[in-house]
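**Q** Sequence first, predicted coordinates after that:
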Amino acid sequence: MFSRILIANRGEIAQRIIRACREMGVQTVAVYSEADRHARYLPLADETICIGPADPAESYLNIPRIISAAEITNVEAIHPGYGFLAESAQFAEICRDCKIQFIGPDPESMRVLGDKVEARKLAARAKVPIAPGSEESVPTEDEAARLAAQIGYPVILKAAAGGGGRGMRIAHNEMSLRVAFHSAQTEAASAFKKSDVYLEKYLEQARHVEVQILADRAGNAIHLWERDCSLQRRHQKLIEETPSPALKADLRDQLCKAALRLAKAANYVNAGTVEFLLDKDQKFYFSEANTRIQVEHPVTELVTGVDLVQWQLRIASGEPIKLRQKDIGQNGAAIECRINAEDPANGFSPCPGRIERFFAPGGPGVRLDCHVHAGYEISSRYDSLIGKLIVHRRTRAEAIACMKRALEEFEIGPIKTTIPLYLEIMSHRQFVKGHVDTGFIERTW
Amino acid sequence: MFSRILIANRGEIAQRIIRACREMGVQTVAVYSEADRHARYLPLADETICIGPADPAESYLNIPRIISAAEITNVEAIHPGYGFLAESAQFAEICRDCKIQFIGPDPESMRVLGDKVEARKLAARAKVPIAPGSEESVPTEDEAARLAAQIGYPVILKAAAGGGGRGMRIAHNEMSLRVAFHSAQTEAASAFKKSDVYLEKYLEQARHVEVQILADRAGNAIHLWERDCSLQRRHQKLIEETPSPALKADLRDQLCKAALRLAKAANYVNAGTVEFLLDKDQKFYFSEANTRIQVEHPVTELVTGVDLVQWQLRIASGEPIKLRQKDIGQNGAAIECRINAEDPANGFSPCPGRIERFFAPGGPGVRLDCHVHAGYEISSRYDSLIGKLIVHRRTRAEAIACMKRALEEFEIGPIKTTIPLYLEIMSHRQFVKGHVDTGFIERTW
Amino acid sequence: MELDKVRELIDMMKANDLNELEIVDGQIRIVLKRGSAQPVAQVVAQPVALTATESLPVGPPRPAPAPEATAAAAEDKPKLVEIISPIVGTFYAAPSPNAEPFVEVDSPVEENNVVCIIEAMKVMNEIKSGVAGTVRKVLVANGSAVEYGQALFLVEPK
Amino acid sequence: MELDKVRELIDMMKANDLNELEIVDGQIRIVLKRGSAQPVAQVVAQPVALTATESLPVGPPRPAPAPEATAAAAEDKPKLVEIISPIVGTFYAAPSPNAEPFVEVDSPVEENNVVCIIEAMKVMNEIKSGVAGTVRKVLVANGSAVEYGQALFLVEPK
């Protein structure tokens, strides 16, 4: 095991990694921007180092500064968290060149899975179902129209280098496709510095179901079952749960095995997630792979009892996975609500500002991964995620009841949060029945 | 299930019961004294009612006021929590007379188990080992001396109506016994209004191991394994854990079966605990039975996945226990630290006052049952327990590591708490090895 | 301004859980804010007032908060005291369903007059006024539940 | 107002968890606010100061906090400015192990003079003074790690 690692991230995931390291006896170096100077998780690290001003380009996204911090603090490895540099193959490569272990997969795996067109090809070769669509990125508007006519509308345009919902456009007919093609290219270019887009059949009323996997360098790979992340807004997840209420045992099994096939095909090492769309006819299609720890990893930790972040460190340090597939159970049900500093009543507009009142929920079944507190200043520079409330109970119905009472206990003010929306969702007939899809929140609120 | 119950308690256990009720859809009436008017758990109850001034005799211990509150709010049942009226057979009887369901065992069971001399006799009849000692309460000093000579020193004098360590005296020779006899009688009389004392062989370097049981009116009874509560100070528990590091499988089995035999013999219904002392030769002896939910119940909930408070309500409402003994596992290890507003560096003197700084731990493995917060005023009128920090991990070593980092995250000030002591204990070689007994803390700190 | 005055102000803030205090003297402006929302101060109308019941512990005497929470306003208004409930139970204004209420608005009362009955655990507890004066307001409806410390009547003392 | 009074006020603020305090004496105005502790205020010695490096983003200019945190004190003392590190790396006072340091205490510097080297990712970055004046203090030991925004030298500007 490493004796000392650097955490190239901030907020709740930096805190999460510090917690894992403290429990494992691994020393931590936490980097921070000037905006995060007073974060309460920093004193829990063994060393802290300011790497730049608030602007992420000058701090958390700045590779030279992070590598330099790693060098002067003599760490053996870097954990990138999620977001920022977590899926940058270039960063992973520079770490390798500098003889610093990147806690994640090899840059080669990151590159092939990070390019959505290449990932689709790899999935097809690994006999993982993919939605009908273009084999390569689509060069012209006319080519897009030809393909769409062949596949049938609606179709979705996606950035080849994409992620987080940006560069995506849905078209229901040729006219809207021709318009969407250019705006998708422009958005892709500005968000990912690469304008390539590709085209897929758009699945209506689909669920988002993803599979967590762990793989080591010795060739061991296991899955840790699925997470259902159908509750989204503009392709951004808000609520995640496991087990998925939509899967029967055999379908669950097929899905998990498909994820493992893709991981093997990509020579995948460390923790990763294979995302699928599940259509209303219970057919599933590969959607994308995420080569990092996910925001929603705690629900998997709760039902399996496996600490994913600790295993990321073990695998990166060369330890083989000692967990056997048959010992990975799905005990009970877990739900996560992402607490965002956003106003759901006002188009989810971000609500930066100072938190004056903060009273956290607790008691049986409740886990809170949260780095904010009374007196915390939420910066508009960063993500609006201020914490994750996760519950674990014996059944889905009990988990919903537990989440409801925990949300009712949770008081954050005066800034607005997504808590009131989640309270409505927990009581919504369709959510309670488990009958939701990725368009549910936008249709209903 | 009840539609509405009253909670005849305060603080973290009142909050715990409200949480259970909210998750079950049971309405709650919370009573409070004037000192607790601003408690944050009160708004989570469906109704609140002030029953008197801060003095417990005029509020939480005042049976007419509580019954009257139950009557005007039309509740079907009363949950007594722990402490206050929880073990008052008289209160349980009055509830029965008033046609209000007492959430606990029948007054008859409470009476026989509440009298320590009667409980010893019952244990003996149920073939549960008891330490050598007097069969009845000891009437005179001379009789005590005669018995002690027969049993062999050291001996312990205990109040027949006792609990919480009061009325207990250890004697190593006849002279100290004769002195102790009178002070034990006096203390018993003042604490329990009954001066009867009895005498037992005092077990040196013993561990305190107790078994959680659940029994219903239909005659089903299961155990939920043991809790090791050897870390005590003046017979008051500070840290509890499960599984006990001192038990091998066959001994654990014997202990749990003995507890069930006693429960059956007492016609026990609802949640209860049978306490044993385990001597250095791995022999165990019945110590006492507690006819209520225990402070340390969360460690059992975490390793078994069973919500004990919810089952208390189900059993009291007449539901049979649907859990089967073979499904009650011991998954992983759990530890609880009782966070007391006391100064360990100053003889554990209570530290009432206002909490100015309060930052709670969180993240994986952490459960916090705590009713205080920044701005909370700790009253000197009540127990110094301000919260319980409980962790659950796959192994005892991981649970200790998790507790350590959670304690390090926990900041409460300016009042003193037991947190610094617990941090030392978590790092103490003997605790880490599991080699402790009920005298460990007093010998070491 | 002397530092001692500032120190006194800080002590007042701490003692009363104020987290903001602003005082401007010329033209007078006072702003006081507390952490947990609570009324700041009650202007006490009169130093002594009593409530009592037979064979029941006596509730703490409590002068009624003046209708306007300023010293100036209080001086213009009659000073009222509350008769508060010393127990939890059901409030009855009259000795039996068909009887007249013990007291009504404008009824004169002496300290030992029974003003209502509170039923607790099937026992009818007579509640005495504890103050001599005139009933100005009945605060609780007949048959309703009252908690410990709840105000039952407002009385203008003699 | 004497400095002692200010110092006492600061102590009172710290001791009592005040994070704001305003006192105006003419006509009297007092504002006190309590809350969580945050550094209160720095008295700025001089409005402008610069740090710069070649081919590196320039760190925000930062005047040195005056040694005494009061305006009055600052007037008696030389006004010093900090040269701060615009990057994370290892500080070298001299161009090579055996060479003389670029600057020492009392060295005169011009804006474009190199004052040290900071190594980051095997690259030697020359850090320029950004201010003309006299070095009054070297704050970092040769070979030690520096973080972003760390003060390296104190310079008394011309």
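**A** Great, that's in hand.

**Q** for chain C, what spans make up the strands?
**A** Assigned by DSSP state E, the strands in chain C fall at C:18-24, C:29-34, C:52-53, C:81-84, C:89-92, C:108-109, C:114-120, C:123-128, C:133-138, C:145-146, C:151-157.

**Q** export these to a markdown table and tack on distance to B:Gly83?
**A** For every residue, glycine as well, the C-beta is placed using N, CA and C. As requested, the strands of chain C are exported to a markdown table (distance: least, CB to CB, whole Å):
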| stretch | distance to B:Gly83 |
| --- | --- |
| strand C:18-24 | 34 |
| strand C:29-34 | 32 |
| strand C:52-53 | 29 |
| strand C:81-84 | 28 |
| strand C:89-92 | 25 |
| strand C:108-109 | 42 |
| strand C:114-120 | 24 |
| strand C:123-128 | 27 |
| strand C:133-138 | 39 |
| strand C:145-146 | 26 |
| strand C:151-157 | 31 |
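
**Q** Comparing these, which yields the minimum mean pLDDT?
**A** Out of these, strand C:52-53 stands lowest, with a mean of 34 (criterion: mean pLDDT).

**Q** would you list the strands of chain C in a markdown table and tack on distance to chain A?
**A** Shown next, in a markdown table, are the strands of chain C (distance: least, CB to the nearest CB, whole Å):
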| stretch | distance to chain A |
| --- | --- |
| strand C:18-24 | 10 |
| strand C:29-34 | 12 |
| strand C:52-53 | 39 |
| strand C:81-84 | 31 |
| strand C:89-92 | 31 |
| strand C:108-109 | 45 |
| strand C:114-120 | 32 |
| strand C:123-128 | 37 |
| strand C:133-138 | 36 |
| strand C:145-146 | 25 |
| strand C:151-157 | 30 |
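
**Q** Just name the most buried of the ones you listed.
**A** strand C:81-84 (a mean of 26; mean count of other CB atoms under 10 Å in any protein chain shown).

**Q** and it, what does it pack onto?
**A** strand C:151-157 (3 or more CB pairs under 8 Å, 6 or more residues apart in numbering or on different chains; DSSP states H and E).

**Q** Against which helices or strands is the strand it packs on packed?
**A** Checking 3+ CB pairs under 8 Å, 6+ apart, strand C:151-157 ends up next to strand C:81-84, strand C:114-120, strand C:133-138.

**Q** Using CSV, write out every CA atom in that strand.
**A** Extracted in CSV, the C-alpha atoms of strand C:151-157 (Å, rounded to 0.1, in the frame of the first residue of the first chain):
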residue,chain,number,x,y,z
ALA,C,151,-52.1,30.7,29.9
LEU,C,152,-55.8,30.3,30.7
PHE,C,153,-57.0,33.8,31.6
LEU,C,154,-55.8,37.3,31.6
VAL,C,155,-56.6,39.2,34.7
GLU,C,156,-56.3,42.9,35.5
PRO,C,157,-55.2,42.9,39.1
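
**Q** Neighbouring strands - and their directions - for it?
**A** Within its sheet, strand C:151-157 is paired with strand C:81-84 (antiparallel), strand C:133-138 (antiparallel), according to DSSP bridges.

**Q** could you dump stretch C:91-98 to CSV, C-alpha only?
**A** C-alpha atoms of stretch C:91-98 as CSV (Å, rounded to 0.1, in the frame of the first residue of the first chain):
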residue,chain,number,x,y,z
PHE,C,91,-60.0,22.6,30.5
TYR,C,92,-63.6,23.0,31.7
ALA,C,93,-64.9,26.5,32.1
ALA,C,94,-67.9,25.3,34.2
PRO,C,95,-68.5,22.8,37.0
SER,C,96,-70.9,20.7,34.8
PRO,C,97,-72.0,20.8,31.1
ASN,C,98,-75.2,22.8,31.8
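
**Q** No more questions from me, cheers.
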